[in-house]
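[1] what's the 3D shape of this:
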Amino acid sequence: MIQAALEQIDYRQYLRMDMMPHILCPGCGHGIVLKALLRAVHRLGLRQEDVVLVSGIGCSSRIVGYVDFCTLHTTHGRPLTFATGLKLARPELTVIVITGDGDGLAIGGNHLIHAARRNLDLTCLLLNNAIYGMTGGQGAPTTPEGMRSSMTPDGAIEPAFDACRLVLGAGASFVARGLTAQPLQLDDLIVQAVQHRGFSFLEVLSDCPEFFGRYNDLGRGPEMLQAQRSHVQWLGAALTEKKFVPGLAPETPHGGAAPAFNAGILHREERPELGALLAERAAASAPRPGRQESPAAATATPSATAAPGAPPAGPLRIRIAGAGGQGIVMAGLLLAEAAVAAGRNATHAQAYGPESRGGASKAEVIISDGDIDFPCADRVDALVALTREAHERYASLLEPGGTLVVDRAQVHVEDGNGFACHALPITATAQRVLGTAMGANLVALGAIVALTGAVPVEAAEHAIAARRPGGSLERALAAFRAGLELGST
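    Residues are numbered from 1 along each chain as shown. Okay, here's the model as predicted:
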């Protein structure tokens, strides 16, 4: 059946033919990996619009540009971070990361180990050619000891990473290694990696004749493929059944530059998958019909039962700005979480200076019933400025007819600027209600919710109850409701 399916494949249906001819060097193993990946997708019967290939930077990442799937070409070392966000937002998609030994183990090594630890349902193919092929043949984290590169003309001294052992130690639930010298077995490994529920890591030994082979006198593509076979030490049961493949016998002599290696499925286990765990938690915390109100909502004051007017249907861009230590980031986070709890889409972005206290700080929240294409905005519909510096820096970004909220003890504003100005005693209110200026962020949050109707009050109080900023729900709600009252008068 498998052979029949492969005979029916037309590779062109999966390729962007306008991108051909490709720019891979003659003998590069990455082309073999690409065909194996296409055969695996074909065998699995996946729809092209349901498959996303995510890549970083390097020779391996170039192959993503040739395929007619949903593709995402990201920054150096970061494909797993982009893929994580994508999979959490669209769990129904099949997300496959294509990375290299430099992209995935050097600059992206930290992202790799944490992706393995989280066990999100992703498939990561790390194409290991033991060198930086795209940038001139520098030594990579996988360059074996004694092997030459443009940086190590006398041979590498540092030990090479074993990528499979690394991700196994980090907690990956599926770990395998394949060879470009055995492409049909590589198909099998890719199929099993994609089918596995959890983080699947597949290292593919893929030769680079142009730099690694040339620098180390290993011959061209055919000679390097044959050398791969001669160094296979062990293959998993799924592959050893294929007796017709040369080089499987354990007595095969090892020779040449590369050390012996294990190939096949090295580890597989079933353990909780991150996306499923998050979905279960969200379902458990979601309001249910007939469910009693939360303690926060049940104790709401009569004046705080609903924000005036219905929330705006279009995107609402809100920036909260002030100084580090005022809780600016927390206020933005609570606003975004309240929007999500209310069933809307929201993004939260933050920025602050190097100072722990006193430096500039801002949080930007975008709320919409539709898609949000980018988490930052050049213009805003509402601005909360708790310091004079924040007002001077960001007031010019307000759209005509927007809403400006300032702490009147810090900022002097006049009407007639084309937007609604609200100079409120924000810090003074926090001092009056809580006995401390810490909590002015929650007062400001209440004011902007009352003035814009960005989120339902109940949703905001639910977000506050979940986080308990300052350690006391009662005090946090008191500050928020005082802000609601300011914004309603």
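[2] Quick one: classify Arg177 as helix, strand or coil.
    Three-state assignment for Arg177 (DSSP: H, G, I helix; E, B strand; the rest coil): strand.
[3] For it, give its distance to Leu105.
    14 Å (Cβ to Cβ, to the nearest Å). Bear in mind the C-beta positions are built from the backbone N, C-alpha and C, glycine included.
[4] swap in Ala279?
    31 Å.
[5] The two: who's more crowded?
    Leu105 (24 against 13; other Cβ atoms under 10 Å).
[6] isn't that one right up against Leu127?
    No - with contact defined as Cβ atoms under 8 Å, Leu105 does not count as touching Leu127 (11.2 Å).
[7] for the stretch 351-489 of the chain, what spans make up the helices?
    388-394, 426-434, 440-452, 457-467, 473-488 (DSSP state H, counting those that start in this stretch).
[8] and among those helices, the most buried is which?
    helix 440-452 (a mean of 28; mean count of other Cβ atoms under 10 Å).
[9] thinking again about what came up before, got the helices of the stretch 351-489 of the chain as TSV, with mean pLDDT and distance to Asp371 columns?
    Below are those laid out as TSV (pLDDT from 0 to 100; distance: least, Cβ to Cβ, whole Å):
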stretch	mean pLDDT	distance to Asp371
helix 388-394	92	25
helix 426-434	94	33
helix 440-452	95	21
helix 457-467	94	20
helix 473-488	94	29
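[10] got the buried residues for stretch 85-103?
    86-87, 93-103 (16 or more other Cβ atoms under 10 Å).
[11] The closest residue in space to Ala193 that isn't next to it in sequence pairs with what?
    Distances taken as Cβ to Cβ, 6 or more residues apart in numbering put Ser200 closest to Ala193, at 3.9 Å, once the chain neighbours are dropped. Beta-bridge partners of Ser200, counted by DSSP bridges, are Thr123, Phe174.
[12] you'd agree Ser200 is up against Ala172?
    Yes - applying Cβ under 8 Å, one finds Ser200 in contact with Ala172, separated by 7.5 Å.
[13] got the contact list for Val54?
    The contact partners of Val54, by Cβ atoms under 8 Å, 6 or more residues apart in numbering, come to 64, 71-72, 74, 79-80, 82-83, 86, 95-98.
[14] quick one: which of these sit in strands?
    If you go by DSSP state E, those have Thr71, Leu72, Val95, Ile96, Val97, Ile98 in strands.
[15] between those, which is nearest Tyr394?
    Nearest to Tyr394 among the ones in strands among the contacts of Val54, counting by Cβ to Cβ, is Leu72 at 31.5 Å.
[16] residues in contact with Cys164?
    By Cβ under 8 Å, 6+ apart, the residues touching Cys164 are Val175, Ala176, Arg177, Phe201, Glu203, Asn262, Leu266.
[17] Measure how far stretch 71-78 is from the centre of its chain, please.
    Distance of stretch 71-78 from its chain centroid, counting by Cα atoms, centre = their mean, to the nearest Å, is 10 Å.
[18] which parts of that stretch are buried?
    Thr71, Leu72, His73, Thr74, Gly77, Arg78.
[19] May I ask which helix or strand of the chain has the lowest mean pLDDT?
    One helix or strand of the chain scores below all others by mean pLDDT, DSSP states H and E: helix 237-240, with a mean of 40.
[20] need the next SSE after that helix, C-terminal direction.
    Next helix or strand after helix 237-240 toward the C-terminus (DSSP states H and E): strand 261-268.
[21] Which strands or helices does that following strand pack on?
    helix 163-170, strand 174-179, helix 183-195, strand 232-235, helix 237-240 (3 or more Cβ pairs under 8 Å, 6 or more residues apart in numbering; DSSP states H and E).
[22] Can you tell me which of those has the worst average pLDDT?
    Note on the helices and strands packed on strand 261-268: helix 237-240 shows the lowest mean pLDDT, a mean of 40.
[23] where does the stretch 201-350 of the chain have low pLDDT?
    Scanning the stretch 201-350 of the chain for pLDDT under 70 picks out 231-261, 286-314.
[24] For it, which segments count as strands?
    232-235, 261-268, 316-323, 345-352 (DSSP state E, counting those that start in this stretch).
[25] Can you lay out those as JSON lines showing distance to Gln13 and mean neighbour count?
    Rendered in JSON lines, the data for the strands of the stretch 201-350 of the chain read as follows (distance: least, Cβ to Cβ, whole Å; neighbours: other Cβ atoms under 10 Å):
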{"stretch": "strand 232-235", "distance to Gln13": "31", "mean neighbour count": "19"}
{"stretch": "strand 261-268", "distance to Gln13": "29", "mean neighbour count": "19"}
{"stretch": "strand 316-323", "distance to Gln13": "42", "mean neighbour count": "25"}
{"stretch": "strand 345-352", "distance to Gln13": "34", "mean neighbour count": "18"}
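[26] Looking at those strands, which is nearest to Glu392?
    strand 316-323 (10.3 Å).
[27] In its sheet, which strands sit next to the closest one, and in what direction?
    Per DSSP bridges, strand 316-323 is paired in its sheet with strand 360-368 (antiparallel), strand 380-385 (parallel).
[28] Highest mean neighbour count out of those?
    Most buried among the strands paired with strand 316-323, counting by mean count of other Cβ under 10 Å: strand 380-385, with a mean of 26.
[29] got the contact list for it?
    316-322, 331, 364, 391, 394-395, 397-399, 402-407, 410-411, 444, 447-448, 451-452, 454.
[30] which residues touch Ala116?
    Val167, Ala170, Gly171, Ala172, Phe199, Phe201.
[31] tally of neighbours for the last one?
    Summarising burial for Phe201: neighbours were counted as other Cβ under 10 Å, giving 30.
[32] is it fair to say Leu53 lies in a strand?
    Yes - counting by three-state DSSP, Leu53 is located in a strand.
[33] can the strands paired with strand 316-323 go into TSV with extra columns for distance to His30 and mean pLDDT?
    Below are those laid out as TSV (distance: least, Cβ to Cβ, whole Å; pLDDT from 0 to 100):
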stretch	distance to His30	mean pLDDT
strand 360-368	39	92
strand 380-385	45	94
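[34] For Gly470, which of these is the nearest?
    Per Cβ to Cβ, nearest to Gly470 of these: strand 360-368, 17.1 Å.
[35] Compute the inter-axis angle for the closest one and helix 440-452.
    Orientation check (axes from the mean of the first three to the mean of the last three Cα atoms, to 10 degrees): strand 360-368 against helix 440-452 gives 30 degrees.
[36] Okay, angle between strand 360-368 and strand 345-352 too, please.
    170 degrees.
[37] so how far is strand 360-368 off the chain centroid?
    Relative to where its chain is centred, strand 360-368 has its mean C-alpha point 20 Å off (Cα atoms, centre = their mean).
[38] what does stretch 389-407 give?
    Distance, centroid of stretch 389-407 to centroid of chain: 32 Å (Cα atoms, centre = their mean).
[39] do the same with stretch 55-62
    On Cα atoms, centre = their mean, the centre of stretch 55-62 falls 17 Å from the chain's centre.
[40] Now do it: distance from first to last residue.
    For stretch 55-62, the separation between the terminal residues is 8 Å (Cα to Cα, to the nearest Å).
[41] tell me the mean pLDDT for that stretch?
    On average, stretch 55-62 scores 88.
[42] which residue packs closest to the spatially most central residue of the chain, ignoring adjacent ones?
    Closest residue to the average C-alpha location of the chain: Thr81 at 2.9 Å, with Cα atoms, centre = their mean. Leaving aside its sequence neighbours, Thr81 sits nearest to His111 (Cβ to Cβ, 6+ apart; 5.4 Å).
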